[in-house]
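>>> fold the following for me, if possible:
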Amino acid sequence: MAFTIKDFAGKRIAPIVAGLALVATSLPAAAACEAGAADPAASIDVIQTSTTAIWDQKDADAIDRYISADYVEHTADPSMPPGIEGFRMVHAAFTGGFPDLTIEFDEQLASGDYVASRVVLRGTNTGSFMGMEPTGQAVEVRGIRLDRVCDGQIVEHWAVVDVPGMMAQLQGN
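Presented below is the predicted three-dimensional model:
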């Protein structure tokens with residue numbers, strides 16, 4: 001099923017749809033996935049299931065099931081290694097710093113292989129994180145992510161997260 005921005009006018013998810021449309025139209029043509037991979041409902045299911053396993057349940061083995069060996073992180077810190085190894089490092093940093101971390105989906109929209117999600121990350125900083133000692137502070141951080149799913153795995157990811165807000169919460173502000 002194809003969606004247009006007009007279909008979502010006046011809804012909270014409209015900015016996500018606009019962003020998804022902008023990103024998807026500015027990308028070079030991606031290799032087509034095998035039959036069935038472009039089903040929007042299946043793509044959303046992969047994102048929800050993988051997030052539950054990898055982030056909420058802290059199942060590091062699920063990374064190999066849900067993250068493609070050819071994974072591309074488009075918003076990575078330049079100091080991180082590319083691909084799945086960079087993903088593993090980010091996962092270890094966040095789950096080590098926030099052992100009770102959970103990710104909740106407020107809204108999701110899919111078009112083919114692409115899934116746009118408005119998310120809330122919640123956790124308590126009880127482990128070292130990004131070189132900082134634990135603060136014991138609970139955080140609630142909002143973000144928007146865009147993922148491309150192919151053959152049941154995440155192959156590309158973009159994210160915009162309120163890092164300044166997270167840092168302020170960690171400092172008790």
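>>> just checking, what packs against the helix or strand Arg118 falls within?
Assigned by DSSP states H and E, Arg118 belongs to strand 114-124. Here strand 114-124 touches helix 14-26, helix 40-51, strand 102-111, strand 138-150, going by 3 or more C-beta pairs under 8 Å, 6 or more residues apart in numbering; DSSP states H and E. The C-beta positions use only the backbone N, C-alpha and C, and glycine is treated the same way.
>>> and that strand, which residues are buried?
Across strand 114-124, burial judged by 16 or more other C-beta atoms under 10 Å covers 114-119, 121, 123-124.
>>> distance check, Gln169 against Ala76.
23 Å (C-beta to C-beta, to the nearest Å).
>>> tell me the centre residue of this structure?
For the chain, the residue nearest the mean C-alpha position is Arg145 (4.7 Å; C-alpha atoms, centre = their mean).
>>> spit out the contact partners of that residue.
Contacts here follow C-beta atoms under 8 Å, 6 or more residues apart in numbering; on that basis Arg145 touches 116-117, 119, 157-160.
>>> list just the nearest of those to Thr49.
Comparing those against Thr49 with C-beta to C-beta picks out Ser117 as the nearest, at 13.0 Å.
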